[in-house]
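J.: Sequence first, predicted coordinates after that:
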Amino acid sequence: MEKEELQEKIVHPEIVAEVEKKMLSESEFEDLALLFKMFADSTRLKVLKALFEREMCVGDLAVLLKMTHSAVSHQLASLKKTRLVRSRKDGKVVYYSLDDDHIEEIFQKALDHVRE
């Protein structure tokens, strides 16, 4: 019997049962995947980093990131849909900020890992 075939036949039911209890629901995995998808785009990361510093409008972000208003708006819509940013209107101007502090914590943990 080849080593690979032998490995496929070894099962530890108690380990499987223990870990199975701690697995997430399918919808939680899907939500996590969507969150990581938002973090998988360098443009969205730039938008988030800017919003860590302060609330900004589309025009401010467009100038800072050297992007069109349309491109920034598109990224903000994705980030808002996934509840990473929120908006508030002041007259005709819409300002964007982080939805909560967890976002910066996730970003910083990932950055710490990259810098190791």
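T.: Now that the structure is in, tell me what you want to look at.

J.: what residue ranges in this structure score low on pLDDT?
T.: Along the chain, the model assigns pLDDT under 70 to residues 1-7.

J.: Would you map the helices across it?
T.: Secondary structure of the chain (DSSP state H): helices at 3-9, 13-22, 26-39, 42-53, 58-65, 69-81, 102-115.

J.: In JSON lines, list these along with distance to Val93.
T.: All C-beta atoms are positioned from the backbone trio N, CA, C, and that covers glycine. Below are those laid out as JSON lines (distance: least, C-beta to C-beta, whole Å):
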{"stretch": "helix 3-9", "distance to Val93": "61"}
{"stretch": "helix 13-22", "distance to Val93": "46"}
{"stretch": "helix 26-39", "distance to Val93": "24"}
{"stretch": "helix 42-53", "distance to Val93": "15"}
{"stretch": "helix 58-65", "distance to Val93": "8"}
{"stretch": "helix 69-81", "distance to Val93": "12"}
{"stretch": "helix 102-115", "distance to Val93": "22"}
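
J.: and Arg88, which of those helices is closest to it?
T.: With C-beta to C-beta as the measure, helix 69-81 is the member of the helices of the chain nearest Arg88 (11.6 Å).

J.: Which elements pack onto the closest one?
T.: Contact analysis of helix 69-81 by 3 or more C-beta pairs under 8 Å, 6 or more residues apart in numbering; DSSP states H and E lists helix 42-53, helix 58-65, strand 85-90 as its packing neighbours.
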